[in-house]
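Trainee: Sharing a model prediction with you, sequence too.
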Amino acid sequence: MKIKDIEITPALFFAPLAGYSDKPTRQISRKYGAEAVFTEFISSEGLIRGSEKTRDYLDFDEKERPLGVQIFGHRAEAMSEAAAIIEEDFAPDIIDINMGCSVKKVVKKGAGAALMKDPGRATKITRATVKATNLPVTVKIRSGWNHNKINFLSLGQKLEQTGIQAISIHPRTASDGFSNTPNYDHIKQLKESVHLPIIGNGNIDSIKRAQKVLEHTKCDGIMIGRWGLGNPWLFSEINKFMRNKEYQEPDPTPIDKINLCLNHLKSEENYRGPKEANKIMKKFYKWYFKGFYKASNLRSKLVHSENIDKTREILDKYKNNYKLN
C-alpha cells in the first residue's frame, strides 16, 4: 500500500503503544519484519510548550523509516502547531492522529478516543493538522465511544474529506479497552465505505488471525501492537505470509526469547543508561516470558532486581539452567 508517496510493502505496521513503542522496541520490530513503525503518542500541548521530555519521545534513527509520529490533543490550534514543529524539527515520514486511546487522563481532556464522541471537533482537528504540514497525515480510530455510539463509518467518511491519507481502525469501542472480541466486520465496512487505505488492528496474535482479518475485511494493511512485544517473530512470519503466502506460526525457543530479552536490555541501556533501562524493562518481562516454566517466579525476580547487573545475572542463570534441563 501507499501512504501518499510512501510505499509500504507488505503493509505490516508496529502500532503506537504508550509506554512501549520507544526507539529500541521499534528497532527490534523493524529488524524482525515490521515494515513501518510508530512512536508512542506525543502530547501536542507538551510539544508546543517546548517540553524536553515530550521532544525526547521523537528521537529516532534513520533505520526505523518509514516512521510515523503519533500525536494527541483536543485543540486544533495546538495540533496544527505541533504538526508543523514535528515536520520542521524531526522530519518523520508520517503524522498520525490518535483518536483511539481510552486512558482516563487523555479522554478527560477531550483527546484520544473522546474525539469519537465529538465528530465536529475530530474533523476540525484533522483538517487543521493536514493543512499545517506537507507530511502525510493518518488517523487511528476505534469503532466508537461505546456500544450505544458506534460511529466509525460516519466519522471515517468525514475524515476522508479532510485530506488524510489512511485510517487505521481498532474494532473495539473505547469502553471496551482491550476486552471483548474485536468486531472485524467494522474494518470490512469501513473499507467498503471510503476510498482511503484502511489498516486493520486489534488482537492480531497469529498468522491465522492476520489471514482472517486480511481475507475477511479486504483491508490494505495489518497493524500489530501488544502481541509483538517480546515476540517479534510474529512480524517475521506474518511478513512472509503477506509476501508469498508462506504459512508457519512463529515458534521461538525459550533460549531465543532470553537472548532477545538480553539484547533488548542492552539496547535500552545504551539508549537510556543502566538505571533507567533496568526500570523500563520491567514492564516487558510479562511479554517475553509468557508461558515459561515458573514464569511468575522469574518475572518476580526480574521486577524486583535493583540494578542492571543483577538483572543480567538472573537472566543468564535462568538461561544456563534451561540449557542443562
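Mentor: Noted; the coordinates are in hand. Note that the coordinates shown come from a computational prediction; the quantities given were computed from them, not determined experimentally.
Trainee: Restricting to C-alpha, output the helix or strand containing Leu298 in PDB.
Mentor: Taking DSSP states H and E as the definition, Leu298 sits inside helix 295-303. Output in PDB follows, covering the C-alpha atoms of helix 295-303 (Å, rounded to 0.1, in the frame of the first residue of the first chain):
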ATOM      1  CA  ALA A 295       7.300 -17.700  34.700                       C
ATOM      2  CA  SER A 296       5.800 -15.900  37.600                       C
ATOM      3  CA  ASN A 297       8.900 -16.700  39.800                       C
ATOM      4  CA  LEU A 298      11.200 -15.500  37.100                       C
ATOM      5  CA  ARG A 299       9.200 -12.300  36.500                       C
ATOM      6  CA  SER A 300       9.100 -11.600  40.200                       C
ATOM      7  CA  LYS A 301      12.900 -11.800  40.500                       C
ATOM      8  CA  LEU A 302      13.400  -9.500  37.400                       C
ATOM      9  CA  VAL A 303      10.800  -6.900  38.600                       C
END
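Trainee: buried set for that helix?
Mentor: Leu298, Arg299, Lys301, Leu302 (16 or more other C-beta atoms under 10 Å). In short, each C-beta sits where N, CA and C put it, glycine included.
Trainee: Give me the distance between the third one and Pro66.
Mentor: As for Lys301, its distance to Pro66 is 39 Å (criterion: C-beta to C-beta, to the nearest Å).
Trainee: tilt between the helix or strand of the chain with the lowest mean pLDDT and helix 295-303?
Mentor: Taking mean pLDDT, DSSP states H and E as the measure, the chain has helix 308-324 as its least confident helix or strand, at a mean of 90. Helix 308-324 and helix 295-303 meet at an angle of 150 degrees, taking axes from the mean of the first three to the mean of the last three C-alpha atoms, to 10 degrees as the criterion.
Trainee: Which neighbouring elements make contact with helix 308-324?
Mentor: Applying 3 or more C-beta pairs under 8 Å, 6 or more residues apart in numbering; DSSP states H and E, we find helix 308-324 packed against helix 254-272, helix 274-280, helix 295-303.
Trainee: which residues touch the first one?
Mentor: So that's helix 254-272. Defining contact as C-beta atoms under 8 Å, 6 or more residues apart in numbering, one finds that helix 254-272 is touched by 22-25, 27-28, 230-233, 252, 276-278, 280-281, 284-285, 288-289, 292, 308, 311-312, 315-316, 318-319, 322-323.
Trainee: So for it, mean pLDDT?
Mentor: For helix 254-272, mean pLDDT rounds to 97.
Trainee: oh, and call the first residue 473 from now on, that's how I've got it
Mentor: Done: numbering now begins at 473, and the last item shifts to helix 726-744.
Trainee: CA atoms only: put it into CSV for me.
Mentor: Provided in CSV are the C-alpha atoms of helix 726-744 (Å, rounded to 0.1, in the frame of the first residue of the first chain):
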residue,chain,number,x,y,z
PRO,A,726,12.9,-20.1,25.3
ILE,A,727,16.6,-19.6,24.6
ASP,A,728,15.7,-17.4,21.6
LYS,A,729,13.5,-15.3,23.8
ILE,A,730,16.0,-14.9,26.6
ASN,A,731,18.7,-13.9,24.2
LEU,A,732,16.4,-11.3,22.6
CYS,A,733,15.5,-10.0,26.1
LEU,A,734,19.2,-9.6,26.9
ASN,A,735,19.8,-7.8,23.6
HIS,A,736,16.8,-5.5,24.3
LEU,A,737,18.1,-4.8,27.8
LYS,A,738,21.5,-3.8,26.3
SER,A,739,19.8,-1.6,23.7
GLU,A,740,17.8,0.2,26.4
GLU,A,741,21.0,0.6,28.5
ASN,A,742,22.8,2.2,25.5
TYR,A,743,19.8,4.5,24.9
ARG,A,744,18.9,5.5,28.5
